[in-house]
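Need a 3D model of the sequence below.
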Amino acid sequence: MGEIPKDLSKLKSHGMRKLSAIYDPPVSLDRITDYVGHYASMTPQAEAAVCADIRLSYRELSDQVDAIAKALVASGVRAGDRVATLSPPNPDFLVIFLASASVGAIWLGLDPRYQKEELRYIIGDAAPALLFSRTEVNGRQFCEELSALKSEFAQLPVVLLDVCSSAIGESFKDFIARGLSISSEDLGRIKSDVTSQDPALIVYTSGTTGQPKGALLAHRGLVRCSRVQASLVQPIPLRMLNNLPISHLGCIGDISCYTLVSGGTVVFAEKFDPRGTLAIIQRERITLWGQLPTMFQLCLSVDDFANYDLSSIKTIFWSGAAAPLPLILRLKEICPTLCCSYGLTETVGSVTFAVGTDDLDVLTNSVGWPVEEYEVRISNSAGHEVAPGETGEIQVRGDFIMKGYWNRPEATEQTIDSAGWLHTGDLARSRPDGTFQLVGRMKEMYKSGGYNVYPREIEPVIEACAGVAMCAVVGVPDEIYGEVGHAYVLVEDESVVTSDDLREHCRRHLANYKIPKAFSISTSLPMLPNGKIDKNSLRNQ
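Numbers count the residues shown, from 1 in each chain. Prediction:
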């Protein structure tokens with residue numbers, strides 16, 4: 001592994017259309033779980049996972065994974081069964097995920113922020129054979145919810161991760177003891193039957209357009225996407241912070257699997273806390289800081305931010321949403337090496353990256369270049385690739401994308417067409433330098449007076465206005481124009497920015513039909529569990 005070459009930014013001037021590997025990727029193995037044994041053999045004492053006072057070496061990680069895998073087999077879990085975990089991000093969930101996937105089971109992460117009905121829906125849909133759970137997370141008690149779930153779902157077996165005895169479920173200690181009946185030879189035979197094409201986990205989409213759907217992600221997709229990311233981003237040593245919910249692909253794939261495949265260290269924080277995040281970076285000497293832009297904003301707003309030593313950071317990485325220019329400029333003061341990417345749950349990992357560039361226009365107004373290893377195109381509704389500068393849908397094809405939606409064959413056919421192209425629903429255009437510029441979701445586009453309006457064209461303009469931290473634009477019904485834009489603007493101080501200021505700023509930079517007809521200025525906006533702005537909630541307002 002190595003640092004990003006200083007001359008990488010020159011690639012842009014060479015008319016580059018796709019991004020090639022910068023470093024040699026990690027060793028290629030068939031299954032994501034194979035990397036546990038690989039590094040337990042190659043670097044047994046290296047730190048694999050850290051959380052507060054817990055520090056697991058790769059040898060200890062391997063031993064714990066095998067112990068849980070044996071207990072799963074002894075408990076009757078078989079290939080294809082689902083294994084759910086209700087937990088904050090910590091080594092417990094990582095070990096359970098790897099153990100489940102190693103014996104062919106399909107792991108499912110449940111966010112402790114889910115409410116009772118959300119837990120009920122997902123467990124009812126996935127029908128797990130076993131549920132691992134904490135009884136308390138960050139002050140919230142789950143005993144009542146767990147009892148109700150056991151009663152409703154045919155006495156769902158529950159293994160409790162934080163108590164010794166309870167009527168709700170079995171203790172983790174007793175569960176592990178059951179695995180002593182399974183020999184290492186028997187476990188090895190079961191592991192060998194798992195293939196790279198088998199699903200390793202289900203990740204439920206955020207559900208902004210209806211009930212969440214469970215995307216089935218295979219071993220080969222997790223391995224390939226992690227290796228591609230490692231071929232583009234490789235700080236030495238690799239120590240990456242993970243404070244994202246375990247139901248989020250960013251937690252499982254972009255951080256945990258990427259770090260595992262690279263032989264690095266993942267440092268967990270059980271909840272996102274801006275000041276706590278900065279303390280962990282300082283204490284654990286984090287080298288790769290990856291967050292959603294909103295999380296960066298909150299960390300940079302800590303009143304004693306300047307007192308934290310962030311000198312260990314070698315790369316700052318964001319995905320999931322665009323970062324406004326003022327935020328990018330502040331991040332560059334911390335670390336000059338900035339990266340961003342684009343992907344979604346269904347693509348398993350990012351398919352475009354902007355890495356090793358000092359070009360603020362690329363970092364602010366694009367999601368980088370498509371990577372050479374994948375088939376990525378911008379297509380029209382007829383299935384033809386559009387010309388540079390024209391707007392179309394990003395589509396992705398390859399053996400790494402999701403296998404489909406759990407128990408949703410019709411939804412799968414609507415998303416992955418007969419030629420194998422996955423329709424992302426994201427609209428973009430290719431810029432002269434080959435980078436992709438997102439213009440919005442197909443379902444977010446609205447027609448105002450006959451014109452197509454893309455919120456992602458408007459939001460960066462408003463975010464460039466002094467005093468604005470973030471912005472979300474949604475289309476709302478209008479008797480005259482059909483639909484008009486309503487901008488929700490996040491600021492730190494409501495007295496600094498007015499609607500008239502924003503409207504005048506938009507007039508200087510946007511065509512008249514793109515200017516929102518209303519501006520709502522606030523110091524807070526509704527957020528989804530994955531850290532993105534909840535546009536459905538804004539529309540309802």
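
now stretch 330-343, how far from the chain's geometric center?
Relative to the chain's own centre, stretch 330-343 is displaced by 17 Å; criterion: Cα atoms, centre = their mean, to the nearest Å.

Could I get the buried residue list for it?
Counting neighbours by 16 or more other Cβ atoms under 10 Å, one finds that the buried residues in stretch 330-343 are Leu331, Ile334, Cys335, Thr337, Leu338, Cys339, Cys340, Ser341, Tyr342, Gly343. C-beta: built from backbone N, CA, C; applies to glycine.

Take the residues you listed and write them to JSON lines, including secondary structure and distance to Ile68.
JSON lines is the format used below for the buried residues of stretch 330-343 (DSSP: H, G, I helix; E, B strand; the rest coil; distance: Cβ to Cβ, whole Å):
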{"residue": "Leu331", "secondary structure": "helix", "distance to Ile68": "38"}
{"residue": "Ile334", "secondary structure": "helix", "distance to Ile68": "38"}
{"residue": "Cys335", "secondary structure": "coil", "distance to Ile68": "37"}
{"residue": "Thr337", "secondary structure": "coil", "distance to Ile68": "37"}
{"residue": "Leu338", "secondary structure": "strand", "distance to Ile68": "38"}
{"residue": "Cys339", "secondary structure": "strand", "distance to Ile68": "34"}
{"residue": "Cys340", "secondary structure": "strand", "distance to Ile68": "36"}
{"residue": "Ser341", "secondary structure": "strand", "distance to Ile68": "32"}
{"residue": "Tyr342", "secondary structure": "strand", "distance to Ile68": "34"}
{"residue": "Gly343", "secondary structure": "strand", "distance to Ile68": "29"}
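
which one among those residues gets closest to Lys191?
Gly343 (28.7 Å; Cβ to Cβ).

And the pLDDT at the residue nearest to that closest one when sequence neighbours are not counted?
Leaving aside its sequence neighbours, Gly343 sits nearest to Ser350 (Cβ to Cβ, 6 or more residues apart in numbering; 3.6 Å). On the pLDDT scale, Ser350 is placed at 97.

List phi and psi for Ser350.
Main-chain torsions, Ser350, degrees, to the nearest 10: phi -70, psi 140.

from memory it sits against Cys225, does it?
Yes: the pair Ser350 and Cys225 qualifies as a contact (Cβ atoms under 8 Å) at a distance of 7.4 Å.

Tell me the residues that contact both of the two, please.
Gly343 (Cβ atoms under 8 Å, 6 or more residues apart in numbering).

ranges for the helices of the stretch 51-200 of the chain?
58-74, 91-102, 116-126, 143-152, 172-178, 184-192 (DSSP state H, counting those that start in this stretch).

Pull out the buried positions in the fourth one.
Spelled out, that is helix 143-152. Going by 16+ other Cβ under 10 Å, helix 143-152 has these buried residues: Glu145, Leu146, Leu149, Lys150.

Could you do the shortest one as well?
Within helix 172-178, the residues that qualify as buried by neighbour count (16+ other Cβ under 10 Å) are Phe172, Phe175, Ile176.

which residues touch that helix?
Applying Cβ under 8 Å, 6+ apart, the set of residues contacting helix 172-178 from outside is Ala67, Ile68, Ala71, Ala74, Ser75, Phe132, Val159, Leu160, Leu161, Cys164.

residues in contact with the residue sitting furthest away from the middle of the chain?
Taking Cα atoms, centre = their mean, the residue of the chain most remote from its mean C-alpha position is Ile480, at 39.7 Å. Ile480 makes contact with Gly449 under the criterion Cβ under 8 Å, 6+ apart.

where's Arg31, which helix or strand?
For Arg31, there is no helix or strand it lies in under DSSP states H and E.

ok, it to Asn536 distance?
37 Å (Cβ to Cβ, to the nearest Å).

Which one's more surrounded, the two?
Legend: neighbour count by other Cβ atoms under 10 Å for Arg31 and Asn536, higher for Arg31 (23 against 14).

Please report how far the spatially closest residue to the more buried one that is not a sequence neighbour lies from Thr347.
Among residues not flanking Arg31 along the chain, His219 sits closest, at 4.3 Å (Cβ to Cβ, 6+ apart). Note on His219: its distance to Thr347, by Cβ to Cβ, is 16 Å.

close enough to count as contact, Pro388 and Ser430?
Yes: between Pro388 and Ser430 there is a contact under Cβ under 8 Å: 4.6 Å.

Who has more neighbours out of the two?
Between Pro388 and Ser430, Ser430 has the larger neighbour count (other Cβ under 10 Å), namely 23 against 13.

any low-confidence regions in the stretch 101-250 of the chain?
206-210 (pLDDT under 70).

can you map out the strands along it?
Here the stretch 101-250 of the chain has its strands, by DSSP state E, counting those that start in this stretch, at 106-110, 130-133, 136-137, 140-141, 158-160, 170-171, 199-204, 214-218, 239-242.

and this protein, what are its domains?
If you go by automatic domain parsing, the domain ranges for the chain are 34-204, 452-540.

Strand partners (parallel or antiparallel) of the worst-scoring helix or strand of the chain on mean pLDDT?
None of the helices or strands of the chain scores lower by mean pLDDT, DSSP states H and E than strand 451-453, at a mean of 76. With DSSP bridges as the test, strand 451-453 is paired with strand 446-448 (antiparallel).

Contacts for the strand it pairs with next, please.
Residues from elsewhere that reach strand 446-448 (Cβ under 8 Å, 6+ apart): Val453, Pro455, Val474, Gly475, Asp478, Tyr481, Gly482, Glu483, Val484, Gly485, Tyr513, Lys514.

again with stretch 386-395
Residues contacting stretch 386-395 (Cβ under 8 Å, 6+ apart): 342, 351, 376-381, 385, 421-432, 436, 439, 442, 452, 454.

Quick check: buried residues in it?
Across stretch 386-395, burial judged by 16+ other Cβ under 10 Å covers Val386, Thr391, Gly392, Glu393, Ile394, Gln395.

How far does it stretch from one end to the other?
Its first and final residues considered, stretch 386-395 spans 12 Å by Cα to Cα, to the nearest Å.

again with stretch 462-470
8 Å.

Give me the contact list for it.
Residues from elsewhere that reach stretch 462-470, judged by Cβ under 8 Å, 6+ apart: 293-294, 297, 324-327, 471, 473, 487, 489-493, 496-497, 501-502, 505-506, 509, 516, 525, 533.

Which of those residues are buried? Put it as a ChimeraX command.
The ChimeraX command for the buried members of the contacts of stretch 462-470 (criterion: 16+ other Cβ under 10 Å) is given here:
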select :293,294,297,324,325,326,327,471,473,487,489,490,491,497,501,502,505,506,516,525,533
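
Mind checking which of the contacts of stretch 462-470 land in helices?
Residues from the contacts of stretch 462-470 lying in helices, with DSSP state H as the criterion: Pro293, Thr294, Gln297, Leu325, Pro326, Leu327, Asp501, Leu502, His505, Cys506, His509.

These: which two are farthest apart?
Of all pairs drawn from those, the one with the longest distance (Cβ to Cβ) is Thr294 and His509, at 23.4 Å.

if we can go back for a sec, tell me how far the residue nearest to Arg31 lies from Cys257.
From His219 to Cys257 the distance is 10 Å (Cβ to Cβ).

And Glu185, by the same measure?
Distance from Glu185 to Cys257, by Cβ to Cβ: 28 Å.

Likewise for Gln64?
Between Gln64 and Cys257 the computed distance is 17 Å (Cβ to Cβ).

neighbour count winner among those two?
Cys257 (31 against 22).

On the three-state scheme, the more buried one is what?
Three-state assignment for Cys257 (DSSP: H, G, I helix; E, B strand; the rest coil): helix.

give the contact list for it.
Cys257 is in contact with Ile32, Leu222, Val223, Cys225, Ser226, counting by Cβ under 8 Å, 6+ apart.

Alright, calling it a day.
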